[in-house]
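Novice: Need a 3D model of the following:
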Amino acid sequence: MTVKINGENIPVREEMTLYDLSKLYEDRYEFPIIVAKVDGVIQELYHHVQDGSTISFCTTQNNDGKRAYIRGMSMMLLKAVYSVVPKGRIEKVTIDFCLDSGYFCRIQGDIDLNEALLEQIEEKMKELVKEDIRFRKRVIRTRDAKQLFASLGMMYKSNLMEYRTNSRTTVYDLGNFTDYFYGAMPYSTGILKYFKLQLFQEGFVFIVPKKEAPTTMPGFHPSLKQYHTMQMANEWCRKMQVSTVGELNKIVVEGGLQELMLTQEALHEKSIADIAVDIAKRGCRIVTIAGPSSSGKTTFSYRLSTQLKTLGLRPHPIALDDYFVNREDTPRDEDGNYDYESLEAIDTKLFNEHLTSLLDGKAVQLPTFNFITGLREYDKPLLQMGNDDILILEGIHGLNDKLTFSIPREDKYKIYISALTTLNLDSHNRIPTTEARLLRRMIRDARTRGNSAQKTISMWNSVRRGESKNIFPFQEEADAMFNSALIYELAAMKLYADPLLFQVPQDCAEYAEAQRLLKFLGYFLPIDPHNVPLNSILREFIGGGILLG
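Specialist: Below is the predicted model:
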């Protein structure tokens, strides 16, 4: 047979597996091969090579490889927990969310989670790595999978199967431990060498290397504000009995979605009102809002302004984009492109002069940046602040004091906003917080800019690098953290996202990611987006709102 690898046509023998083939190529890669991409689709290494296919390999330094590593690590962790803790003492083990370089987990049941127990679990995991146990994949009828997980006491997985439209479901065996995972798994446990367990708050984290350095163990420096924000969201989800996709689907089927929508939107409004009260109480004159892409910053700023008005304040939004330096002076990134996300792309000197003048009660004419000419223009009316006026600044550098270096800290109120989803597929399959943001941006860019899903996906890694550099390091500096995630939004975005993702051609690099997202959205029962409240943050992306149109 003949296959194409890295642009070369290579003869291979029949019955050869991708694992066999990977062994012939592993010395060409700096890091271990964990899965393969075959004709644009991610495949596990146990698959046989197909004649005429185009193959590339993914290492643990690749996005798809890192996901497979986390899935394999999760299953190995679960097998170790159930091996170490006496049978019947565990009610449930949950892998909740990512926190810095770790993944926060909880063990519920009649156990005392302490250093000694965690050390036993970690040692058992190391044993499993040395044994190099195969991940065995089985495809069974979905109704059989539902019964299987019910018999194992994994009702959250059984509930997920209840609403699957696919008649077949994949389950994995690791020795005598059986579980379900969404996405490709490693070939065996031998590749899962790098990890560490550490107690944290009322649970623990398993720490793994970052994608950029797959064989180097990083430190664990979590944002406590982010942790508490996500735990509050977790607790709300538990009270509403909608912590997993299976539970959300059940609410959709039983007609309780409208109440869920209105309840969560009310929770958002209460959180925004509480922030407004805190701003008024402190007497801050400048509010800065920052967060990663597609967090809903614009809608949030509108809703915050409304709440500030109810307190007798007069908010004035200032767009940081209007303070871009002239295009010829804009710094460039490593690829030679204009780097608009760099702090140096903003005229911070002029910006601070205007802020200082406004706080001193002077009249200032604010600029407007002309993105066509690449120059600033002055065509706005003069702005002069009184005692009840307050400035609202929204932009990616809002938490960085270098942006507002001339303003005393006590005059600034910093808000960090992000879509920190705590909804998971089930207790062992977490949904990354970036998933909803990527889909939000994809839908908005297609609606407002005419961008294809392929283009949005192609830009996403660059967007995330900018966030890691300019936003995440400053999130702990925030006075308030607002979680813009909505428990129902993925189901509402499904009808918009599916057609866009199906348009991604098979012969492009973004095809595998499009297929992964389509499979992911397949777990959700769709909901009618017309039912989304008109002032919802989700309207910023799907359109039809009363705040942005």
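
Novice: average pLDDT for stretch 76-85?
Specialist: For stretch 76-85, mean pLDDT is 96.

Novice: Restrict that stretch to CA atoms and write it as PDB.
Specialist: Output in PDB follows, covering the C-alpha atoms of stretch 76-85 (Å, rounded to 0.1, in the frame of the first residue of the first chain):
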ATOM      1  CA  MET A  76      -5.600   6.700  34.400                       C
ATOM      2  CA  LEU A  77      -6.300   9.000  37.400                       C
ATOM      3  CA  LEU A  78      -9.800   7.600  37.800                       C
ATOM      4  CA  LYS A  79      -8.600   4.000  37.600                       C
ATOM      5  CA  ALA A  80      -6.000   4.800  40.300                       C
ATOM      6  CA  VAL A  81      -8.600   6.400  42.600                       C
ATOM      7  CA  TYR A  82     -11.000   3.400  42.300                       C
ATOM      8  CA  SER A  83      -8.000   1.000  42.900                       C
ATOM      9  CA  VAL A  84      -6.800   2.800  46.000                       C
ATOM     10  CA  VAL A  85     -10.000   3.900  47.800                       C
END
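
Novice: which residues touch it?
Specialist: For stretch 76-85, the surrounding residues in contact (C-beta atoms under 8 Å, 6 or more residues apart in numbering) are 90, 93, 95, 105, 107, 109, 111, 117, 120-122, 124-125, 128-129, 174-175, 177, 179, 189, 192, 206, 428. Any C-beta I mention is one placed from the backbone N, CA and C, and that applies to glycine too.

Novice: Let me know the next secondary structure element after the strand with the most length in the chain.
Specialist: When the chain is parsed with DSSP state E, its longest strand is strand 90-99. Using DSSP states H and E, the next helix or strand after strand 90-99 towards the C-terminus is strand 102-109.

Novice: That following strand to strand 90-99, inter-axis angle?
Specialist: Orientation check (axes from the mean of the first three to the mean of the last three C-alpha atoms, to 10 degrees): strand 102-109 against strand 90-99 gives 160 degrees.

Novice: counting contacts, what elements does strand 102-109 pack onto?
Specialist: When contacts are defined as 3 or more C-beta pairs under 8 Å, 6 or more residues apart in numbering; DSSP states H and E, strand 102-109 packs onto helix 63-84, strand 90-99, strand 196-200, strand 203-207.

Novice: Confidence-wise, which of these is weakest overall?
Specialist: Among those, strand 90-99 scores lowest, with a mean of 93.

Novice: List the strands paired with that one, with their directions.
Specialist: Using DSSP bridges, strand 90-99 pairs in its sheet with strand 102-109 (antiparallel).

Novice: what does the average pLDDT come to for the strand it pairs with?
Specialist: 95.

Novice: Now tell me what touches it from outside.
Specialist: 70, 74, 77, 81, 85, 89-98, 113, 198, 200-208, 220, 222, 227, 430.

Novice: Return a selection command, for use in ChimeraX, containing the buried ones of those.
Specialist: Filtering these down to the buried ones (16 or more other C-beta atoms under 10 Å) takes a single ChimeraX command:
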select :70,74,77,81,85,90,93,94,95,96,97,98,113,200,203,204,205,206,207,208,222,227,430
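
Novice: which residues of the stretch 401-549 of the chain score low on pLDDT?
Specialist: 549 (pLDDT under 70).

Novice: Mind listing what's buried along the lengthiest helix in the chain?
Specialist: Counting residues, the longest helix found in the chain (DSSP state H) is helix 257-282. Neighbour-count burial for helix 257-282 flags 257, 260-261, 264-265, 267-268, 271-273, 275-276, 279-280 (criterion: 16+ other C-beta under 10 Å).

Novice: export those to a markdown table and tack on pLDDT and distance to residue 29?
Specialist: As requested, the buried residues of helix 257-282 are exported to a markdown table (pLDDT from 0 to 100; distance: C-beta to C-beta, whole Å):
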| residue | pLDDT | distance to residue 29 |
| --- | --- | --- |
| 257 | 94 | 47 |
| 260 | 94 | 46 |
| 261 | 94 | 47 |
| 264 | 94 | 45 |
| 265 | 94 | 48 |
| 267 | 95 | 47 |
| 268 | 96 | 46 |
| 271 | 96 | 46 |
| 272 | 97 | 48 |
| 273 | 98 | 53 |
| 275 | 98 | 48 |
| 276 | 98 | 53 |
| 279 | 97 | 52 |
| 280 | 96 | 57 |
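
Novice: one step back: what packs against the longest helix of the chain?
Specialist: Helix 257-282 is packed against helix 224-240, helix 297-310, strand 412-418, strand 480-483, with contacts defined by 3+ C-beta pairs under 8 Å, 6+ apart.

Novice: quick one, the helix or strand just after the last one and helix 257-282 angle?
Specialist: Translated: strand 480-483. Per DSSP H and E, the first helix or strand lying C-terminal to strand 480-483 is helix 489-502. Angle, helix 489-502 to helix 257-282, by the same axes, to 10 degrees: 110 degrees.

Novice: what's in contact with helix 489-502?
Specialist: For helix 489-502, contacts defined as C-beta under 8 Å, 6+ apart pick out 248, 252, 421, 423, 431, 435-436, 439-440, 442-443, 446, 452-453, 486, 514-515, 517-518, 521, 524-527, 529, 532, 538, 541-542.

Novice: Stretch 112-126 too?
Specialist: For stretch 112-126, using C-beta under 8 Å, 6+ apart, the contacting residues are 76-77, 80-81, 83-85, 107, 111, 192, 195-199, 203-204.

Novice: Now, of the contacts of stretch 76-85, which are buried?
Specialist: 90, 93, 95, 105, 107, 117, 120-122, 124-125, 128-129, 174, 177, 179, 189, 192, 206, 428.

Novice: which ones among those are found in strands?
Specialist: 90, 93, 95, 105, 107, 174, 177, 179, 206.

Novice: Those: which two are farthest apart?
Specialist: Based on C-beta to C-beta, the longest span within those runs between 107 and 174 and measures 18.3 Å.

Novice: picking that back up, skip ahead from the longest helix of the chain and say which helix or strand is next.
Specialist: Beyond helix 257-282 toward the C-terminal end (DSSP H and E), the next one is strand 286-290.

Novice: tell me the mean pLDDT for that next one?
Specialist: What strand 286-290 shows for mean pLDDT is 96.

Novice: Which strands or helices does it pack on?
Specialist: Checked by 3+ C-beta pairs under 8 Å, 6+ apart, strand 286-290 has helix 297-310, strand 389-394, strand 412-418 packed alongside it.
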